[in-house]
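Peer 1: Pasting the sequence and the predicted coordinates here, then a few questions.
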Amino acid sequence: MRTAEGLRAFLRQSVQARVGLAAALALFVVATFASWMAPANPAAQNLPVRLAAPSRAHWMGTDELGRDVMSRVMYGARISLTVAVCVVVGCGTTGLAIGTLAGYFGGWWDRIVALLLINAFLSFPGILLAIAFAAFFGPGIGKVILALIITGWAGYARLARAQVLKVKELEFALAAKSLGASHARILVRHLLPNILQPVMIQATIGMAGAILAESTLSFLGLGVLAPIPSWGAMLNDARGHLFDAPHLVVFPALAVMASVLAFNLLGDAWRDWLDPRTRSQLAVQELAR
Amino acid sequence: MVRYLLKKFALTLPALWLVLTLVFLMIHIVPGDPVEQMLGEGAAPGAAAQLRHVLGLDQPLGTQYGHYLWTLAHGDLGQSFKFQAPVRRIIFERYPATLQLAFLALLVCAAIAIPAGVLAAHRRNRAADRLVGLFTLFGLAIPNFALGPLLILLFSIEIGWLPVSGRNGTASYILPAATLGAALAAILTRMVRGALLEELSADYIRTARAKGLSTTAVLVRHGLRNALIPIITILGLQFGTLLAGTIVTETIFSWPGIGRLTVQAISARDYPLLQGCILVISLSYVLVNLLTDVVYTVVDPRVRMS
């Protein structure tokens, strides 16, 4: 009940949140129901109409094998979201576990994990390591997810560690400790619920990052295998037809942009909502309306 | 100061070790036999054993690691399978083109982001600020592998002003630099706006205004000058990210740099060359971050005092 009220208040006060949530939901709907919504089989070839411009029969045109671009964009959403959700859940779980334990127990474990591993992983652009891992693992959706988890967990771990360091000194955590609660109980029942919100915000913005990363890997030929449609791979194929079929670039590019924009907007709005300074500004704007 | 810098250097050592070790281990995570992958089908009998010996893959892992660190310490990155030449030579032939592109992207980005950020901060919550906000939102959302082809479509194919690809003449630098710098320009614009807004609320700005200084003088000579310290840091830190971004941008524009070389190494399964490229880009990234820290310390004495 309180969650629903909070969500309503959050959506009421922020246009960004409304647009972001609507776009993200639309994306999930398209990805889930692509097999019903798509006008054609994304792998079905129809060579006589290859490279056709957008028309009534093919709203986004056809590609070099005569496949319907709209259907491929819709199925591409499925791949992007599957990878993004798996990567965010994988990175979030790994990072949360490592960061929470490092922050809670401290000592040599914290020094090794925080100073060595987390800092070392954060010292490189994640996408470079992801490209490297994906190149050595070989293409395939599972390998893409693995490469992105290996290179993406450290950000979550740093955030979780910082939050735990802050929260574990608060009265309720100290009270639980003095009452003799076990480490597991303090961690799971007391600390975790109090550090989850910033991690969820990072995860929302991380969805955008994962979609971008998957598309980048697919663009470089390191993502999902053909003929599975992926926005990045579609853009790579389109490069050879910039002169004769520019629509092949436009639609997958718009799809990537719209999904990244949706999760960025939602994450930014959520972060602003939690920041008391921005929240009071939003409330003033709401009153002024 | 020296102690501070040594401490900073010591903090980069784990990162350096991690990248060296990851790059070493990468060839061992290749599914199946990496040597057979490199040779492909139809290789001569005995070729696999010979290549395995050349790459040192027939040795125990510990020996391979020791040998790898020893050869690296001597600046030897191995032999490229595709180009039949030393990896170090191939990489350093291509590296200047990548550095040029990254520097130019940084310039493009600063030229767009600083005026846009100043404008947004000056016109806070007004139309110009919202427009700049919209630009940054789209700049962050559009990936370079989508922006590059779209820019080619517009400026090379439709209008015909700029070349589609290659590195011939000044005009050929514009589209790759814009593609590479766009996302960074969006991030930097937000940074400039935020940093300037913080400075504009400081007491010394009120004093400058009370003295009767012009808006431009208050904004540029006082506000922006102080806001520039974190901005320069971000620019430095993002330079490394630009180097990583060259992999995609150079592929789109057939730019003869280390990014495209990386993709060529991936396609040819030239693992020694790929390891060399990843290593050089990563080390450049760590080095640029360290240099940024040093510059930051020199520019702002408060950092070393703290």
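Peer 2: In hand now; what should we look at? Numbering: from 1, shown residues only, chains lettered A, B, ... in the order given.

Peer 1: What residues of stretch A:16-25 count as buried?
Peer 2: Neighbour counts over stretch A:16-25 (16 or more other CB atoms under 10 Å in any protein chain shown) mark A:16-18, A:20-21, A:23-24 as buried. Backbone N, C-alpha and C define where each C-beta goes, glycine included.

Peer 1: Show me those that map onto helices.
Peer 2: In helices, defined here by DSSP state H, the members of the buried residues of stretch A:16-25 are A:16-18, A:20-21, A:23-24.

Peer 1: Let me know the closest of those residues to B:R123.
Peer 2: A:Q16 (19.5 Å; CB to CB).

Peer 1: How about the closest one: what's its closest non-neighbour residue?
Peer 2: Spatial nearest neighbour of A:Q16, chain neighbours left out: A:A269 (4.0 Å); criterion: CB to CB, 6 or more residues apart in numbering or on different chains.

Peer 1: doesn't B:T297 make contact with B:Y4?
Peer 2: Yes: at 6.3 Å, B:Y4 counts as touching B:T297 under the criterion of CB atoms under 8 Å.

Peer 1: Any regions of the stretch 1-150 of chain B where pLDDT drops low?
Peer 2: Applying pLDDT under 70 to the stretch 1-150 of chain B flags the ranges B:1.

Peer 1: From B:L140, how far out is the residue nearest to A:Q16?
Peer 2: Separation of A:A269 from B:L140 (CB to CB, to the nearest Å): 14 Å.

Peer 1: Spit out the contact partners of A:M200.
Peer 2: If you count contacts by CB atoms under 8 Å, 6 or more residues apart in numbering or on different chains, A:M200 has them with A:W270.

Peer 1: element containing it, please.
Peer 2: helix A:192-219 (DSSP states H and E).

Peer 1: Let me know the average pLDDT across that helix.
Peer 2: Averaged over helix A:192-219, pLDDT sits at 91.

Peer 1: Mind checking what helix or strand follows that helix in sequence?
Peer 2: helix A:231-238.

Peer 1: May I have the secondary structure class of the closest residue to chain A within the stretch 151-300 of chain B?
Peer 2: Relative to chain A, the nearest point of the stretch 151-300 of chain B is B:A244 (3.9 Å; CB to the nearest CB). Three-state assignment for B:A244 (DSSP: H, G, I helix; E, B strand; the rest coil): helix.

Peer 1: Could you report the pLDDT at it?
Peer 2: So, for B:A244, pLDDT stands at 82.

Peer 1: Could you list the low-pLDDT ranges of chain A?
Peer 2: In the predicted model, chain A carries pLDDT under 70 at residues A:1-2, A:115, A:275-289.

Peer 1: Looks to me like B:R124 is in a strand.
Peer 2: No: using three-state DSSP, the assignment for B:R124 is coil, not a strand.

Peer 1: Burial check on it, number of neighbours?
Peer 2: 12 (other CB atoms under 10 Å in any protein chain shown).

Peer 1: What's the separation between it and A:Q202?
Peer 2: Distance of B:R124 to A:Q202, given as CB to CB: 27 Å.

Peer 1: thinking B:L11 is in contact with A:L116, fair?
Peer 2: No: counting by CB under 8 Å, B:L11 does not reach A:L116; the two are 10.1 Å apart.

Peer 1: tell me the contacts of the nearest residue to B:L119 once chain neighbours are set aside?
Peer 2: Counting by CB to CB, 6+ apart, B:A128 is the residue found nearest to B:L119 once chain neighbours are left out, at 5.4 Å. Contact partners of B:A128, counting by CB under 8 Å, 6+ apart, are B:119-120, B:122.

Peer 1: Figure out the helix or strand that B:Q84 lives in.
Peer 2: B:Q84 belongs to no helix or strand when assigned by DSSP H and E.

Peer 1: what about it, neighbour count?
Peer 2: Neighbours of B:Q84 (other CB under 10 Å): 7.

Peer 1: For it, give its distance to B:L197.
Peer 2: B:Q84 is 57 Å from B:L197, by CB to CB.

Peer 1: count of residues packed around A:S178?
Peer 2: Using other CB under 10 Å, A:S178 has 8 neighbouring residues.

Peer 1: try the one 5 residues further on
Peer 2: Residues contacting A:H183 under the criterion other CB under 10 Å number 11.

Peer 1: How about it, nearest residue that isn't a chain neighbour?
Peer 2: With sequence-adjacent residues excluded and distances taken as CB to CB, 6+ apart, A:H183 is closest to A:Y104, at 7.3 Å.

Peer 1: Tell me how far that neighbour lies from chain B.
Peer 2: The gap separating A:Y104 from chain B is 22 Å, by CB to the nearest CB, to the nearest Å.

Peer 1: how close does B:I229 get to B:R124?
Peer 2: Distance from B:I229 to B:R124, by CB to CB: 21 Å.

Peer 1: Then A:S215?
Peer 2: 34 Å.

Peer 1: Show the contacting residues for the residue positioned nearest the centre of chain A.
Peer 2: The centroid of chain A falls nearest to A:M207 when counting by CA atoms, centre = their mean (0.8 Å). The contact partners of A:M207, by CB under 8 Å, 6+ apart, come to A:24, A:84-85, A:88, A:263, A:267.

Peer 1: Secondary structure and distance to chain B added to these, as JSON lines?
Peer 2: Converted to JSON lines, those look like this (DSSP: H, G, I helix; E, B strand; the rest coil; distance: CB to the nearest CB, whole Å):
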{"residue": "A:A24", "secondary structure": "helix", "distance to chain B": "13"}
{"residue": "A:A84", "secondary structure": "helix", "distance to chain B": "14"}
{"residue": "A:V85", "secondary structure": "helix", "distance to chain B": "19"}
{"residue": "A:V88", "secondary structure": "helix", "distance to chain B": "18"}
{"residue": "A:F263", "secondary structure": "helix", "distance to chain B": "9"}
{"residue": "A:G267", "secondary structure": "helix", "distance to chain B": "11"}
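
Peer 1: want to throw the contacts of B:A128 into JSON lines with neighbour count?
Peer 2: Shown next, in JSON lines, are these (neighbours: other CB atoms under 10 Å in any protein chain shown):
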{"residue": "B:L119", "neighbour count": "19"}
{"residue": "B:A120", "neighbour count": "26"}
{"residue": "B:H122", "neighbour count": "19"}
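
Peer 1: All set, thanks.
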